[in-house]
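In: Just the structure for this:
(2 chains)
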Protein chains: 2
Amino acid sequence: MIAPKIVSYSTLSVINILKTPTSWAWVEQALSHLDIILLDHSHCERKAAGVAMNLMFRYPSNTKLVRQLTAIAREELEHFELVNQWLEHRGISLAPLSSPPYGGCLKAQIRRNEPERLLDSLLVCGLIEARSHERLGLLATHCPQPELAKFYGSLMASEARHYGVYWILADTYFDRDVVNERLEELAIRESEILSTLYPEPRIHS
Amino acid sequence: MIAPKIVSYSTLSVINILKTPTSWAWVEQALSHLDIILLDHSHCERKAAGVAMNLMFRYPSNTKLVRQLTAIAREELEHFELVNQWLEHRGISLAPLSSPPYGGCLKAQIRRNEPERLLDSLLVCGLIEARSHERLGLLATHCPQPELAKFYGSLMASEARHYGVYWILADTYFDRDVVNERLEELAIRESEILSTLYPEPRIHS
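Out: Reported below is the predicted structural model:
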């Protein structure tokens, strides 16, 4: 069923910031557990909306940030609804699912004092969006169920756009050199976290 | 400028659950500080989206709740954007604003153990929506600036609908007698909280 052994993915610039491409082992794991991946994806969209909302709450006076993140939160909620329609369609109940270490490990990289906290928060969000873009792209390419593959394809562009928004916000509030240096550090850490495949199938396993 | 001394408001059924109508003193206070009311309104819409999101996070397996609250959160974010456009149009910066005691006092009524916590959370959210509906209606009726009055009029129907959604969710997960009895208690407390006008102009002062 799973033919190609070499991961091929779009060469969109957003993926260039990821230090290591996703392993084929992840693709196999995901394709073997599409229902769990869909359920986890639902949780991911909800969490992404929640994170954007939390940033809006933490920086309510940063007009540009609030405006951009409102749009992102709305779009994540729209995707959350779409994924939930897929769950319903496939008879999968909304149920809690343990999280892989990915989000927690990345969150632990966020420095606690401002303004570093804002910079790191934006870049961590951006990296998660970039990785999501890459992985949804892999699902779009390799998922053997055409309708589901098409669905993943329809979402992956938004993830890339969201990465761009987070990067632009970082670039708005910080010097570009500072942004790029920190992004480099966090991107290395992000790839390290994913270097060991989490045994449970997840979008970020 | 402020002509009528008797508060007149829509007799929509949603307002019937409020134990005491809003005082004319509030209307005068609000109309005298429309810019602050707009800024507070922006915070209210953001908080309402946040509360709906938090409930979705707390009860991720309650499919009906998640579906309905996703729609509410999306709509609150849309209103948040619309109010922010008004702020921008009037040259009002997004700035933090102290909250009146209303939200905190109502939150304190929520019992800590399940399933009471869910019931109280839904009913408190519903009451806040009902009060918001009443007060936006008062602004729509009495605001001397026609465009702004029209804007408030365009939002008030959603607040009534949101009240209905929270009530239906309560009625979905709990016996109707239990819902109505607790709603009665909370509605009495809600009106008590507002019986003293908060000195700062707010949507819920």
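In: measure the residue nearest to A:Trp26 when sequence neighbours are not counted to A:Ala108 for me?
Out: Setting aside the residues directly before and after it, A:Trp26 is nearest to A:Leu197 in space (C-beta to C-beta, 6 or more residues apart in numbering or on different chains), at 6.1 Å. Every C-beta, even on glycine, is put in place using the N, C-alpha and C of the backbone. If you measure A:Leu197 against A:Ala108 using C-beta to C-beta, to the nearest Å, the figure is 20 Å.
In: Among those two, which residue is more densely surrounded?
Out: A:Leu197 (16 against 11; other C-beta atoms under 10 Å in any protein chain shown).
In: Now do the helices in chain A.
Out: Taking DSSP state H, the helices of chain A run over residues A:13-16, A:24-31, A:34-58, A:63-89, A:101-107, A:116-142, A:146-173, A:176-194.
In: So which elements touch the fifth one?
Out: Under the contact definition 3 or more C-beta pairs under 8 Å, 6 or more residues apart in numbering or on different chains; DSSP states H and E, helix A:101-107 sits against helix A:116-142, helix A:176-194.
In: and the shortest one, average pLDDT?
Out: Yep, that's helix A:176-194 we're talking about. For helix A:176-194, mean pLDDT is 97.
In: Going by neighbour count, which residues of that helix are buried?
Out: A:179-180, A:182-183, A:186-187, A:189-191, A:193-194 (16 or more other C-beta atoms under 10 Å in any protein chain shown).
In: Please apply the same query to stretch A:50-65.
Out: Buried, per 16+ other C-beta under 10 Å, within stretch A:50-65: A:50-53, A:55-56, A:59-60, A:62, A:65.
In: mind checking the end-to-end distance for that stretch?
Out: 15 Å (C-alpha to C-alpha, to the nearest Å).
In: Ok, stretch A:98-112 next?
Out: For stretch A:98-112, the end-to-end distance is 26 Å (C-alpha to C-alpha).
In: Let me see the mean pLDDT of that stretch.
Out: For stretch A:98-112, mean pLDDT is 96.
In: next one: stretch A:147-159
Out: For stretch A:147-159, mean pLDDT rounds to 92.
In: Whether it contacts chain B - can you check?
Out: No. If you take C-beta under 8 Å from any C-beta of the partner chain as the test, stretch A:147-159 misses chain B, and the best it gets is 15.0 Å.
In: Using PDB, list the CA coordinates for that stretch.
Out: What follows is stretch A:147-159, C-alpha atoms only, in PDB (Å, rounded to 0.1, in the frame of the first residue of the first chain):
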ATOM      1  CA  GLU A 147     -10.900  12.500  -0.600                       C
ATOM      2  CA  LEU A 148      -8.900  12.600   2.600                       C
ATOM      3  CA  ALA A 149      -5.700  13.400   0.700                       C
ATOM      4  CA  LYS A 150      -7.500  16.200  -1.000                       C
ATOM      5  CA  PHE A 151      -8.600  17.500   2.300                       C
ATOM      6  CA  TYR A 152      -5.100  17.600   3.700                       C
ATOM      7  CA  GLY A 153      -4.000  19.400   0.500                       C
ATOM      8  CA  SER A 154      -6.600  22.000   1.100                       C
ATOM      9  CA  LEU A 155      -5.300  22.800   4.600                       C
ATOM     10  CA  MET A 156      -1.600  22.800   4.100                       C
ATOM     11  CA  ALA A 157      -1.500  26.200   2.400                       C
ATOM     12  CA  SER A 158      -3.000  27.800   5.500                       C
ATOM     13  CA  GLU A 159      -0.300  26.400   7.700                       C
END
